[in-house]
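K.L.:
Next one to model:
(chains A and B)
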Amino acid sequence: MKVVAVTACTTGIAHTYMAAEQLERAAKELGHQIKIETQGAMGIENELSDSDISGAQGAIIAADIEIERRERFENLKKVEVPLQEAIKHPKEVLARLG
Amino acid sequence: MKESLQKLRQHLLTGVSYAIPFIACGGIMIAVSITMVSPIGPKGPDFTNAPWARLLNDIGTTGFALMLPVLAGYISYSIAGKPGLVAGFIGGFLSGSVKAGFLGAILAGLLAGWIVNLIKKIPVSRYLKPIMPILIIPIFSSLIIGVIMLKVLGVPIAHFMTSASAMLQSMSGGNAVLLAMLLGAMIAFDMGGPVNKVAFFFGAAMIAEGNLRIMGACAAAICTPPLGMGLATLLRKRIWSDEEHEAGLAALAMGMIGITEGAIPFAASDPLRVIPCIMLGSMVASTIAMLFGVGDPAPHGGPIVLPIAVHRLAYVVAIVIGTIVTAVSINMVKSFGRRKPDASAAGESR
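P.N.:
Residues are numbered from 1 along each chain as shown, chains lettered A, B, ... in the order given. Take a look at the predicted model:
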């Protein structure tokens, strides 16, 4: 499965990137392809392109704050979780995309 | 209910995440400008003979002044999207000018967002639709939030803020200790997560209100979880694995620059033992800092803010003792659990 994800925490210096790391690792183990955009204190990094999003079967939004440019994911199946979920149980979060 | 509370938290944290850099910029510039003209006379810092210090102070003050509009603006933005920005910024700015402070700004941001969402729902003809987001919504939502802040809520909140900060300023003895313990416990509890951020932002917002002691207590508590865990792995090498030794060194480095998250690898693998111990250490650190009047003008913690801290020696003492308490208690709990594996296993399954 191809998945896109966005992670974002309040301060944007640590948890944002930890969640991205955990999701990446879990996706690899489960055999999914994943691209993760981080919205931290540096702004948007590793930005998802239109073709990334249109080519994905689902989106994961793991954030404690309102993410930027949410409208991009309107037509995708979405799983939204607090950031801690993605850090602690990345596999379960991915599994929720079905 | 739970979901709407979660949404509310998300809106507040969005505002906070945009406001933090403003507090950092303003707080540090003002602190440095004041140290440049120290010793401070009875009338506060005197900039008459120090034009550069005054310049720095002016820039920092501007950063602070913008903090409230940004906080309110982005809370509103989180609720209502782009159309919410204007009313939020105006509400936050007015909160500053009527002296309703960060509480007023938070309320203004929430109200602005909700008002904009309500206006969005009004059915309009398709000829009017294009000018809704650029004309109608900004004007009417700002009118409403302006009237609310200037004529209805602003003054009572300002009174509340004044008396609350007077209370915080004069707080001593038992109450101060209680507050410090609570802040310390919150800081350590989820190591940089939402509970930590509530305590942290309370401290940061009080900097802008002119009270540095709350942040001082937070700053000491922020760094002891990673420092303590790091020290623990050095003190009794054999009860920690190789991986944990490595994590311990990383934790020490992160502790020095005030990143509580450094303790997460330990807490993740053994939360029931680690979290109480780091909470204990942080509570000790924040209490000592509070009792000695440690102040921190930057919304950040750990030894890295030492050069700008108030009462530096007490700050160091608070951090050192908190770190030692964390390290010794986790090592005790850890070896205690080893000797009685059955008891600890039973305790952990609960």
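K.L.:
how about the residues of chain A near chain B?
P.N.:
Residues of chain A lying close to chain B by Cβ under 8 Å from any Cβ of the partner chain are A:9-15, A:18, A:41, A:63-66, A:82-84, A:88. For glycine as for every other residue, the C-beta is placed from the backbone atoms N, C-alpha and C.
K.L.:
Just these: which are in strands?
P.N.:
A:Ala63 (DSSP state E).
K.L.:
is it true that B:Tyr74 touches B:Gln10?
P.N.:
No - here B:Tyr74 does not reach B:Gln10: they are 11.7 Å apart, not a contact under Cβ atoms under 8 Å.
K.L.:
neighbour count winner among those two?
P.N.:
Set side by side, B:Tyr74 and B:Gln10 show more neighbours around B:Tyr74, with 28 against 20, by other Cβ atoms under 10 Å in any protein chain shown.
K.L.:
What is the longest helix of chain B by residue count?
P.N.:
helix B:2-36 (DSSP state H).
K.L.:
and the next helix or strand after that helix, how far out from the chain's middle?
P.N.:
Following helix B:2-36 in sequence order, the next helix or strand is helix B:51-80 (DSSP states H and E). Distance of helix B:51-80 from its chain centroid, counting by Cα atoms, centre = their mean, to the nearest Å, is 16 Å.
K.L.:
got the buried residues for helix B:51-80?
P.N.:
Buried residues in helix B:51-80, defined by neighbour count with 16 or more other Cβ atoms under 10 Å in any protein chain shown: B:53-54, B:56-57, B:60, B:63-64, B:66-80.
K.L.:
Does at least one residue of that helix sit close to chain A?
P.N.:
Yes - Helix B:51-80 comes into contact with chain A (Cβ under 8 Å from any Cβ), by way of B:Tyr77, B:Ser78.
K.L.:
Just the C-alphas of the helix or strand following that helix, formatted as CSV.
P.N.:
Per DSSP H and E, the first helix or strand lying C-terminal to helix B:51-80 is helix B:85-97. In CSV, the C-alpha atoms belonging to helix B:85-97 read as follows (Å, rounded to 0.1, in the frame of the first residue of the first chain):
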residue,chain,number,x,y,z
LEU,B,85,-7.0,35.4,10.9
VAL,B,86,-8.2,39.0,10.9
ALA,B,87,-10.6,38.8,13.8
GLY,B,88,-8.1,36.8,15.7
PHE,B,89,-5.2,39.2,15.2
ILE,B,90,-7.4,42.2,16.1
GLY,B,91,-8.8,40.5,19.1
GLY,B,92,-5.3,39.5,20.3
PHE,B,93,-4.0,43.0,19.8
LEU,B,94,-6.9,44.5,21.7
SER,B,95,-6.3,42.1,24.5
GLY,B,96,-2.8,43.5,24.8
SER,B,97,-4.0,47.1,24.7
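K.L.:
any idea how far stretch A:90-98 is from the chain center?
P.N.:
11 Å.
K.L.:
residues in contact with that stretch?
P.N.:
A:1, A:3, A:19, A:22-23, A:25-27, A:29-30, A:32, A:57-58, A:60, A:62, A:77, A:79, A:81, A:85-86 (Cβ atoms under 8 Å, 6 or more residues apart in numbering or on different chains).
K.L.:
buried sites along that stretch?
P.N.:
By 16+ other Cβ under 10 Å, the buried positions in stretch A:90-98 come out as A:Pro90, A:Val93, A:Leu94, A:Arg96, A:Leu97.
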